[in-house]
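Enquirer: 3D, please:
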Amino acid sequence: MTRTPVRPDRVLALVVGIEQYAAGPGWDLPGPADDALRFREWLLARGVPDNRIQLHLAPLTGSAPGVPFHPADHDSLRRAFIKDIPERGGDALWVWWGGHGVLDADENTRLYTADATSTDRRNIHVESALTRLRSDVTPGLGVQMWMVDACRTFDEMHHFPQSLPTERFPAGSRVAEHEQILMLAAGRGQRAVNDPERRRGVFSDIVLRALPDEPLPDPMPLFEAVKERMNVLRAAGHTDQISGFRLQRPGHTEIIPPGRPPHQGQGDEPAVPPAARIVTALMAYPLMGDRDERQTLVNELPAAVVARMPRHPMPRTDVIGIFRALRAQPDGLWKLYAAVTLIDDDPARASELSSAVRDFLANPAPGM
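Expert: Here you go, the predicted model:
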């Protein structure tokens, strides 16, 4: 389908980058604000006026974006979807979002806003926002492109003390003329990898390098270029995530779900990377879901390692940090094994963890 070119001054962009959350330093995520600013520069270079780019940031303390921006709290972003976008109008909309996210029990993607805490996880309900934007409350904006660089791990894996808020956006009557494109950094249940040293999301960086010169690119070539680069990184062991894509336009819907890794036969089950197998084996222990019990485990580990170990309130993220710290030490993973089995001596879980450690040591790979 050939699309009529959109004038740059008729493009509206909502650009969000959240690095710091009210939940505290354990949620810090270096990179999304920088990625958002890079995307803003790309839009400006394609002729999109600065006053058509609505920038919402929550940069880390000490970062200086150097340009005016709106806050990235729930009320501000809700107002952007409810009021600002419909009122400003135009022919096309970009939504760029980098930050933390989760997949709820109903398989909906939730994107945490900057005022989220562990007991009040304020968020934007992506599917609800899409429904609103393709109803008659949003005149114009016939083409809407979303780029979401956020995790889509299962909410129940994180063992938060309270459930997610249930708010959805109000929508009008359904209409059929909108085209919506949604690009997702991670597949169902997956993490989106971030590079804190370079302050970039892996997916965001790939998208920014693949974007062509026009301010509203043809989505399929863009996604194919992104998918090809992600396949290369995955084959090299640098990431496990598989990006997803959904296109809905009048008379046509196309969904590209997470596919099989390269060089894999159609009848084969996807191989579990050795690092991911260790994390899964560790998460099988009930103690990993309890913050105090995880601290008891950490107290059994070498003091020199523990002193430099980053901690996180989310259980799986914390376990990944523990794994990363121990894998860098001689016999570190076996020390981790000894500490875990000292606290929980279940033979079946111990057998799987031991096998996973041996598998990783025989096939070490970067990326986690």
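
Enquirer: contacts only, for residue 178.
Expert: Residue 178 is in contact with 133, 134, 138, 141, 142, 143, 144, 248, 249, counting by C-beta atoms under 8 Å, 6 or more residues apart in numbering. For glycine as for every other residue, the C-beta is placed from the backbone atoms N, C-alpha and C.

Enquirer: out of the residues you listed, which sit inside helices?
Expert: Secondary structure of those is defined by DSSP state H; positions in helices are residue 133.

Enquirer: taking the contacts of residue 178, tell me the two that lie furthest apart.
Expert: Within the contacts of residue 178, 138 and 249 form the most distant pair, 15.5 Å apart (C-beta to C-beta).

Enquirer: what does the pLDDT read for the nearest residue to residue 122 once chain neighbours are set aside?
Expert: In this structure, residue 122 finds its nearest non-sequential neighbour in residue 74, 4.0 Å apart by C-beta to C-beta, 6 or more residues apart in numbering. In the predicted model, residue 74 carries a pLDDT score of 98.

Enquirer: for residue 201, same thing?
Expert: Listed pLDDT for residue 201 reads 89.

Enquirer: I figured it hits residue 35, correct?
Expert: Yes. Using C-beta atoms under 8 Å, residue 201 is in contact with residue 35, at 5.5 Å.

Enquirer: identify the contacts common to the two.
Expert: Both residue 201 and residue 35 are in contact with 98, 149, where contact means C-beta under 8 Å, 6+ apart.

Enquirer: for residue 273, which non-adjacent residue is spatially closest?
Expert: residue 240 is the one closest to residue 273 (C-beta to C-beta, 6+ apart), at 5.8 Å.

Enquirer: state the distance from that neighbour to residue 90.
Expert: Distance check for residue 240 against residue 90: by C-beta to C-beta, to the nearest Å, it reads 37 Å.

Enquirer: cool, and residue 353?
Expert: 54 Å.

Enquirer: how is this structure partitioned into domains?
Expert: Segmentation of the chain into domains, based on automatic domain parsing, reads 8-256, 274-362.

Enquirer: and the ones you listed, which one is worst for confidence?
Expert: When the mean pLDDT of each of the domains of the chain is compared, domain 274-362 ends up at the bottom with a mean of 87.

Enquirer: out of the domains of the chain, deepest packed?
Expert: Between the domains of the chain, domain 8-256 has the highest mean count of neighbours, a mean of 18, where neighbours are mean count of other C-beta atoms under 10 Å.

Enquirer: how long is that one end to end?
Expert: Length of domain 8-256, first residue to last, C-alpha to C-alpha, to the nearest Å: 28 Å.

Enquirer: likewise stretch 99-109?
Expert: Terminal residues of stretch 99-109 lie 12 Å apart, using C-alpha to C-alpha.

Enquirer: stretch 188-196 now?
Expert: Distance between the two ends of stretch 188-196: 23 Å, counting by C-alpha to C-alpha.

Enquirer: now do the helices in this structure.
Expert: For the chain, the helices defined by DSSP H cover 32-45, 74-79, 85-88, 126-133, 202-210, 219-235, 274-283, 291-299, 303-306, 315-327, 332-343, 347-362.

Enquirer: dump those to a markdown table, plus distance to residue 56.
Expert: Output for those, formatted as a markdown table (distance: least, C-beta to C-beta, whole Å):
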| stretch | distance to residue 56 |
| --- | --- |
| helix 32-45 | 8 |
| helix 74-79 | 6 |
| helix 85-88 | 12 |
| helix 126-133 | 14 |
| helix 202-210 | 15 |
| helix 219-235 | 23 |
| helix 274-283 | 32 |
| helix 291-299 | 31 |
| helix 303-306 | 37 |
| helix 315-327 | 24 |
| helix 332-343 | 40 |
| helix 347-362 | 40 |
